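**Student:** Quick one, fold the following:
(one chain, ligands or ions: 1)
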Amino acid sequence: MSERVEIVEVGPRDGLQNEARAISVTEKVRLVDALSLVGFRRIEVASFVSEKWVPQMAGSGEVLGAITRVSGVRYGALVPNMRGLEAALKAGADEVAVFASASEGFSQANINASIAESLERFRPVLARAREVGVPVRGYVSCVTDCPYDGLVAPEAVARVAGELRTMGCFEVSLGDTLGRAAPERVDAMLGAVLERVEARALAGHFHDSFGRALENVSVALGRGVRVFDASVAGLGGCPYAPGAAGNVSSESLAAFLEAAGFEHGLEIERLRAAADVAVGLWEADG
Ligand SMILES: CC(C)(COP(=O)([O-])OP(=O)([O-])OC[C@H]1O[C@@H](n2cnc3c(N)ncnc32)[C@H](O)[C@@H]1OP(=O)([O-])[O-])[C@@H](O)C(=O)NCCC(=O)NCCSC(=O)C[C@@](C)(O)CC(=O)[O-]
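**Tutor:** Take a look at the predicted model:
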């Protein structure tokens with residue numbers, strides 16, 4: 001039997017947070033419901049951040065309340081602080097994610113805090129989530145390149161990833177936020193991170209601005225990473241990373257993994273149907 005690689009669907013969050021127009025709760029729910037039938041074990045559907053900072057994620061509580069939950073699927077949400085965590089718990093998120101950066105410039109631009117301040121902010125979030133039995137994922141953004149500070153040193157990524165893991169994150173997702181990473185730099189970054197975090201607790205999160213995301217997935221597979229984030233129809237980007245395109249598309253990642261001899265557990269026809277729903281959102285965008 002071939003080895004399993006998990007694709008974590010992040011389109012409803014990472015994708016829609018960057019859309020130009022306001023997407024209604026009904027439209028978001030339609031997309032999540034289509035994705036729920038595909039076979040993903042985890043779908044990131046919400047973000048409990050300031051509506052002033054990211055207006056596109058308004059209504060996240062309503063989205064979590066209105067989706068048709070499918071057994072075996074964990075529905076996740078981003079939380080930047082305790083307030084976000086409490087809102088996510090109230091809305092019934094099955095998993096939450098805190099998000100840090102390996103570069104100071106992006107940390108300030110994205111969450112108005114230094115890296116050290118952000119990690120301190122996350123400690124009580126992890127403690128409270130542990131109390132109520134909700135798993136916490138940790139993101140590290142800008143793992144090779146930062147839109148404000150330029151190149152990021154592998155050791156800086158390893159430090160933040162190690163802190164998040166030590167704090168209790170069950171998984172650390174390494175984000176090439178700009179989609180600018182060259183495979184050899186991803187390899188060097190992973191070499192440093194693996195000194196502190198075991199491969200089974202890592203995920204790869206590659207944006208595809210320059211068409212190199214799948215090469216970077218390949219490098220990470222070679223390093224033992226077996227979880228990758230992807231976005232249906234390649235939706236997305238980050239409002240605080242100018243010029244960044246969406247994540248690698250879930251469809252191309254599934255095809256790539258299949259060709260490389262891995263099992264992903266997704267039903268391709270249903271994935272295509274969900275991609276049609278996502279493309280419909282763009283078309284409505286004009
Ligand atoms: C962290 C803050 C809130 C700090 O924002 P701040 O201005 O420093 O802090 P604040 O405490 O003064 O809060 C500002 C306002 O937000 C409210 N507020 C405070 N907390 C919350 C909350 N949880 N939910 C809702 N509202 C909140 C708070 O009440 C206040 O409202 P006001 O008094 O002005 O009316 C802000 O910077 C923020 O929301 N940033 C989020 C930015 C974001 O979501 N970026 C995109 C996601 S990260 C990403 O895309 C990278 C990733 C994960 O995909 C991986 C990758 O690709 O690299």
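**Student:** For the ligand, what's the nearest residue on the stretch 151-286 of the chain?
**Tutor:** When scored by CB to the nearest ligand atom, the stretch 151-286 of the chain has residue 175 as its residue closest to the ligand, at 2.7 Å. (C-beta placed from N, C-alpha, C; glycine too.)
**Student:** Could you list the paired strands of the helix or strand hosting that residue along with their orientation?
**Tutor:** Under the criterion of DSSP states H and E, residue 175 resides in strand 171-176. Within its sheet, strand 171-176 is paired with strand 136-141 (parallel), strand 202-206 (parallel), according to DSSP bridges.
**Student:** Going C-terminal from the first one, what's the next secondary structure element?
**Tutor:** On the C-terminal side of strand 136-141, the closest following helix or strand by DSSP H and E is strand 145-146.
**Student:** Any residue of that following strand touching the ligand?
**Tutor:** No: Strand 145-146 stays clear of the ligand (CB under 6 Å from any ligand atom), getting no nearer than 10.1 Å.
**Student:** contacting residues around the next helix-or-strand element following that strand?
**Tutor:** On the C-terminal side of strand 145-146, the nearest following helix or strand under DSSP H and E is strand 150-151. For strand 150-151, the surrounding residues in contact (CB atoms under 8 Å, 6 or more residues apart in numbering) are 144-145.
**Student:** Just give me how far strand 150-151 sits from the chain centre.
**Tutor:** Using CA atoms, centre = their mean, to the nearest Å, the mean C-alpha position of strand 150-151 is found 21 Å from that of the whole chain.
**Student:** again, but for stretch 227-245
**Tutor:** Here stretch 227-245 is found 8 Å from its chain centre; the criterion is CA atoms, centre = their mean.
**Student:** List the buried residues for that stretch?
**Tutor:** By neighbour count on 16 or more other CB atoms under 10 Å, the buried set for stretch 227-245 is 227-241, 244-245.
**Student:** next one: stretch 215-226
**Tutor:** By 16+ other CB under 10 Å, the buried positions in stretch 215-226 come out as 215-217, 219-221, 223, 225-226.
**Student:** If we only consider these, which is nearest to residue 119?
**Tutor:** Using CB to CB, residue 225 is the member of those that lies nearest residue 119, at 22.7 Å.
**Student:** What distance do you get for the closest one to residue 172?
**Tutor:** Going from residue 225 to residue 172 by CB to CB, to the nearest Å gives 10 Å.
**Student:** Show me whatever sits in contact with both of the two.
**Tutor:** With CB under 8 Å, 6+ apart, residue 225 and residue 172 have common neighbours 202-203.
**Student:** ok, the closest residue to the residue of the stretch 151-286 of the chain closest to the ligand other than its chain neighbours - how many residues close by?
**Tutor:** Of all residues not flanking residue 175 in the chain, residue 205 sits nearest, at 4.2 Å (CB to CB, 6 or more residues apart in numbering). Neighbour count of residue 205, defined by other CB atoms under 10 Å: 27.
**Student:** Reformat the buried residues of stretch 215-226 as TSV; add secondary structure.
**Tutor:** As requested, those are exported to TSV (DSSP: H, G, I helix; E, B strand; the rest coil):
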residue	secondary structure
215	helix
216	helix
217	helix
219	helix
220	helix
221	helix
223	coil
225	coil
226	coil
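**Student:** now the residues you listed in CSV, with pLDDT and distance to the ligand?
**Tutor:** Compiled in CSV, those are given as follows (pLDDT from 0 to 100; distance: CB to the nearest ligand atom, whole Å):
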residue, pLDDT, distance to the ligand
215, 98, 17
216, 98, 13
217, 98, 15
219, 98, 17
220, 98, 15
221, 98, 19
223, 98, 19
225, 98, 15
226, 98, 19
